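K.L.:
predicted model follows, preceded by the sequence.
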Amino acid sequence: MANIEILSAEQLLSAANLDLGHSDWLTISQERINLFAESTGDHQWIHVDPERAAKGPFGTCIAHGYLSLSLVNMFLPQLVNVRNISMGVNYGCDKVRFPAVVPVGSKIRGQGQIIDAVNKGAFIQATIRVTIEIEGSERPACVVDTISCYTFETPSSNSTK
């Protein structure tokens with residue numbers, strides 16, 4: 001269940017600077033890293049070779065930065081549920097940064113904040129900053145401003161999404 005529910009275009013438009021709280025913690029396993037490497041073709045040793053990585057700069061395998069970024073899609077629904085929409089579309093991302101590495105076995109979670117929401121006529125464009133925190137680390141794994149477009153149902157439609 002999401003920390004925050006947005007029920008209308010008006011509510012989303014007035015939600016700038018709204019803190020969305022935190023998602024659940026997720027442990028980053030070597031299996032998840034290996035599956036990501038397989039799906040993207042990025043088999044760099046710092047990610048997938050535990051023996052070599054143990055002697056490398058991080059002392060262990062680390063998650064791909066883009067793996068951390070991709071998990072935003074898992075964390076966002078835990079942070080916010082935009083309801084009464086006929087469609088929601090990922091538009092893109094701004095200001096993606098990877099301030100810290102994620103060692104295998106680390107726990108991460110998403111923290112969210114609605115930065116802005118703008119009426120674009122047929123849809124509302126919302127920018128949500130998601131910070132991927134690493135348990136016990138002062139620096140986050142990833143900070144990204146996600147941009148989504150939501151088309152809200154018309155009042156004559158009574159179904160709830």
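P.N.:
Looks like it came in fine.
K.L.:
distance of the residue lying closest to Pro57 once chain neighbours are set aside relative to Val118?
P.N.:
Nearest residue to Pro57 in three dimensions, chain neighbours excluded: Ile46, at 7.9 Å (Cβ to Cβ, 6 or more residues apart in numbering). (Glycine included, C-beta is placed from N, CA and C.) Computed with Cβ to Cβ, to the nearest Å, the distance linking Ile46 and Val118 is 40 Å.
K.L.:
and if you look at Pro50?
P.N.:
46 Å.
K.L.:
equivalent analysis for Met1, please.
P.N.:
Distance from Met1 to Val118, by Cβ to Cβ: 27 Å.
K.L.:
where exactly do the strands run in this structure?
P.N.:
4-6, 18-22, 26-27, 80-82, 85-97, 107-119, 124-134, 142-152 (DSSP state E).
K.L.:
tell me the helices and strands packed up against the shortest one.
P.N.:
So that's strand 26-27. strand 107-119 (3 or more Cβ pairs under 8 Å, 6 or more residues apart in numbering; DSSP states H and E).
K.L.:
and what of the first one?
P.N.:
Here strand 4-6 touches strand 18-22, strand 80-82, going by 3+ Cβ pairs under 8 Å, 6+ apart.
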